[in-house]
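# have a look; sequence and predicted model below, questions after that.
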Amino acid sequence: MIRGLILMVLAMLAAPLAAQDSLPPAPYAYKQLDDPAQEKTAQDLMMTLRCLTCQSQSIADSDAPMAGDMRHQVRTRIAEGEDPEAIRAWLIERYGDWVSYQPQVTAMTWPLFAAPIVLLLFAALIARKRFGRARATGDKS
Amino acid sequence: MKHWAIWLPLALFGVLFAVFATGLIAPADRTIASQMIGKPLPQFDLPQAVPDRPALARTNFTDGKPKLLNVFASWCVPCIAEAPYLQQLADAGVEINGVAIRDRSPDVQQFLARNGNPYARIGADDVSKIQFDLGSSGVPETFVIDGQGMIRYQHIGDIRPEHVPMILQKLKEAQ
């Protein structure tokens, strides 16, 4: 029991073997921009960019070193006055649509946008048929 | 309720089961291929990573000879595994230019002393900028660059013995 506990504590203290880089994070990985408006723009963009290492997280959420480096890119480019959509386009050009959490309407994705409209129209059609018929029979009796 | 409809939940379960089973047995490929293949290498100019190898810039890729651009790091375990095969490629006369990602010079020197140094030039990139330029999402990755500075091929992950002839072939095609 005691030995088990000691082993557990030791295991918690041990440094991971496949350690990641020893370099400190990029300057703007965790540091916000001085201008709150610019920081807000950067933050909004970072929330919609996918982390390349932890693929289900946005770069705003991820602590992966590469996500930190991506935040650094986003913040420095925003600080230089670059348009957020231009930064998104720059990344999409390199990694594909995949890197953006904001889907664009393309030849492949249009059904995603069309489906809700089609379903609503379909539902309206069915509803009209049903209620229309009910009223028609109601009138007769 | 129609008679056949009582089978609907079971059928639905069957469909869901099949979806989950295929996801478990054959998970989707999560590697991110670069969209930069066939496009020119973006502009970059990196400082020297170690004293005994010159620094690396885009202009080093436009002398007419196809080369390899290898992104690596001393903290990257698969990079140790691919070191001997990079050496094999270097021995076959391939010029390999390396970029050390998020690394300290003493660490890189130690890494090269231990695992061999197949690189002609090594640049240091402390903020992974070159990776975003190349559409690379991890280390190690190796790119075939032709003599005009065009990106021709991306190899994701470590180079294993079976990849060496293929990469030599890609370099020949890039000539």
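Received, thanks.
# make it CA atoms for all contacts and neighbour counts henceforth
Will do.
# and chain B, which residues reach chain A?
B:32-36, B:75-77, B:102-104, B:126-129, B:132-138 (CA under 8 Å from any CA of the partner chain).
# among the residues you listed, which ones are in helices?
Members of the residues of chain B next to chain A lying in helices (criterion: DSSP state H): B:77, B:129, B:132, B:133, B:134.
# how much space is there between residue B:13 and residue B:21?
Distance of residue B:13 to residue B:21, computed by CA to CA, to the nearest Å: 12 Å.
# can you check residue B:36 too?
Taking CA to CA, one finds residue B:36 at 34 Å from residue B:21.
# comparing the two, which residue is more hemmed in?
Using other CA atoms under 10 Å in any protein chain shown, the more surrounded residue of residue B:36 and residue B:21 is residue B:36, with 22 against 12.
# quick one: contacts for the more buried one?
For residue B:36, the contacting residues are A:93, A:94, B:134, B:135, B:151, by CA atoms under 8 Å, 6 or more residues apart in numbering or on different chains.
# now residue B:149
Residue B:149 makes contact with B:40, B:41, B:58, B:61, B:62 under the criterion CA under 8 Å, 6+ apart.
# quick one, which of those residues are buried?
Those of the contacts of residue B:149 that meet the buried threshold are B:41, B:61, B:62, by 16 or more other CA atoms under 10 Å in any protein chain shown.
# quick revisit: mind putting the contacts of residue B:149 into TSV with pLDDT and secondary structure?
Output for those, formatted as TSV (pLDDT from 0 to 100; DSSP: H, G, I helix; E, B strand; the rest coil):
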residue	pLDDT	secondary structure
B:40	96	strand
B:41	95	coil
B:58	96	helix
B:61	96	helix
B:62	94	coil
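# all helices for the chain, in order.
Going with chain A. With DSSP H as the criterion, chain A has helices at A:2-13, A:36-46, A:65-79, A:84-95, A:110-140.
# let me rephrase: I mean chain B.
Under the criterion DSSP H, chain B carries helices at the ranges B:8-25, B:77-91, B:105-115, B:129-134, B:164-173.
# just those helices: most buried one?
Highest mean neighbour count of those: helix B:129-134, a mean of 20 (counted as mean count of other CA atoms under 10 Å in any protein chain shown).
# circling back to that earlier point, out of the helices of chain A, which is closest to residue B:52?
helix A:65-79 (27.5 Å; CA to CA).
# just confirm yes or no for that closest one near chain B.
Yes - counting by CA under 8 Å from any CA, chain B has neighbours in helix A:65-79: A:66, A:69, A:72, A:73.
# need the contact list for residue A:62.
Contacts of residue A:62 by CA under 8 Å, 6+ apart are A:51, A:54, A:68.
# how much space is there between residue B:172 and residue B:88?
For residue B:172, the distance to residue B:88 - CA to CA - is 16 Å.
# sorry, slip of the keys, the one I care about is residue B:112.
15 Å.
# likewise residue A:95?
Counting by CA to CA - residue A:95 and residue B:88 are separated by 30 Å.
# next: residue B:40.
For residue B:40 relative to residue B:88 (CA to CA), the value is 27 Å.
# from chain A, how far off is the most centrally placed residue in chain B?
In chain B, the centroid-proximal residue (CA atoms, centre = their mean) is residue B:141; its distance is 1.3 Å. Residue B:141 is 14 Å from chain A, where distance means CA to the nearest CA, to the nearest Å.
# you'd agree that residue is up against residue B:157?
Yes - with contact defined as CA atoms under 8 Å, residue B:141 counts as touching residue B:157 (5.4 Å).
# quickly note the distance from the residue nearest to residue B:76 when sequence neighbours are not counted to chain A.
Spatial nearest neighbour of residue B:76, chain neighbours left out: residue B:139 (6.9 Å); criterion: CA to CA, 6 or more residues apart in numbering or on different chains. With distances taken as CA to the nearest CA, residue B:139 is found 11 Å from chain A.
# burial check on residue B:139, number of neighbours?
21.
# what about residue A:45, distance to chain B?
Distance from residue A:45 to chain B, by CA to the nearest CA: 16 Å.
# check the closest residue to chain B within chain A and give its pLDDT.
Closest contact between chain A and chain B, by CA to the nearest CA, is at residue A:94 (4.5 Å). We have a pLDDT of 94 for residue A:94.
# and it, what does it touch?
Per CA under 8 Å, 6+ apart, neighbours of residue A:94: B:34, B:35, B:36, B:132, B:133, B:134, B:135.
# any chance of CSV for those, columns pLDDT?
Output for the contacts of residue A:94, formatted as CSV (pLDDT from 0 to 100):
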residue, pLDDT
B:34, 93
B:35, 93
B:36, 94
B:132, 95
B:133, 94
B:134, 95
B:135, 94
